[in-house]
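Asker: When you get a sec, could you give me coordinates for this:
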Amino acid sequence: MTSPAPSEQPVKKIVIASDHAGYRYKRRIIEYLTKEGYQVEDFGTDSTESVDYPDFIFPAAKAVAAGEFDRGIVLGGSGNGEAIAANRIKGIRCAVCWNEKSARLARMHNDANMISMGERMVSMHDVYEIIDIWLTTPFEGGRHVRRIEKLDQ
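Answerer: Numbering: from 1, shown residues only. Sure, this is the predicted structure:
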């Protein structure tokens, strides 16, 4: 079995998706990441009208798993359902992040290729900090590789 490749390449392409409860933050995150030089593709939803999050999260997670994007961000009211949906796709390691420490550890220990955040749980200021840390923190490798391999067995 091959080890998961640490994400040492610079992140350039990011997919983003949300349900209705994460739509407002999603729009602001797209603006922010675009200004920072990232290529961002929005997989929906396109309004605050009630929708079923798996309809948007599954395609986004599948695109990350297929290597079409370097990383993915999903959003909802709490972020829990979106993370659960993303993690149903083999090869996805989506962490719910609610602060800087959770984002840092998601990268260092779990090589998280997606994060999920809740618009009802995290301030917009903290969202930017979480994203910046998650995008720049390297995976530690070492003993964590063995653990990630067990997830894929």
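
Asker: Spit out the contact partners of the residue lying closest to residue 57 once chain neighbours are set aside.
Answerer: Distances taken as CB to CB, 6 or more residues apart in numbering put residue 85 closest to residue 57, at 4.1 Å, once the chain neighbours are dropped. Bear in mind the C-beta positions are built from the backbone N, C-alpha and C, glycine included. Counting by CB atoms under 8 Å, 6 or more residues apart in numbering, residue 85 touches 53, 54, 57, 58, 61, 74.

Asker: Could you point out the helix or strand that follows the strand or helix carrying the fifth one?
Answerer: Secondary structure assigned from DSSP states H and E places residue 61 in helix 54-65. Following helix 54-65 in sequence order, the next helix or strand is strand 71-76 (DSSP H and E).

Asker: What helices and strands are in contact with that following strand?
Answerer: strand 13-18, helix 23-35, helix 54-65, helix 80-86, strand 114-118, helix 124-136 (3 or more CB pairs under 8 Å, 6 or more residues apart in numbering; DSSP states H and E).

Asker: Averaged pLDDT, the helix holding residue 61. What do you get?
Answerer: Taken as a whole, helix 54-65 has a mean pLDDT of 98.

Asker: Quick one: residues contacting residue 94.
Answerer: Neighbouring residues of residue 94 by CB under 8 Å, 6+ apart: 61, 72, 74, 82, 83, 86, 87, 112, 113, 114, 115, 116.

Asker: Show me which positions of the host helix or strand of residue 150 end up buried.
Answerer: For residue 150, the element it lies in under DSSP H and E is helix 143-152. Using 16 or more other CB atoms under 10 Å as the test for burial, helix 143-152 gives 144, 145, 148.

Asker: With stretch 82-91 instead?
Answerer: Here stretch 82-91 shows 82, 83, 85, 86, 87, 89 as buried, counting by 16+ other CB under 10 Å.

Asker: Please apply the same query to stretch 47-55.
Answerer: 51, 53, 54.

Asker: Ok, stretch 28-36 next?
Answerer: Those buried within stretch 28-36 under the rule 16+ other CB under 10 Å are 29, 30, 32, 33.

Asker: what's the third one in contact with, if anything?
Answerer: Okay, so that is residue 32. Per CB under 8 Å, 6+ apart, neighbours of residue 32: 128, 131.

Asker: returning to that earlier point: which single one of the buried residues of stretch 47-55 is nearest to residue 98?
Answerer: Comparing those against residue 98 with CB to CB places residue 53 closest, at 17.8 Å.
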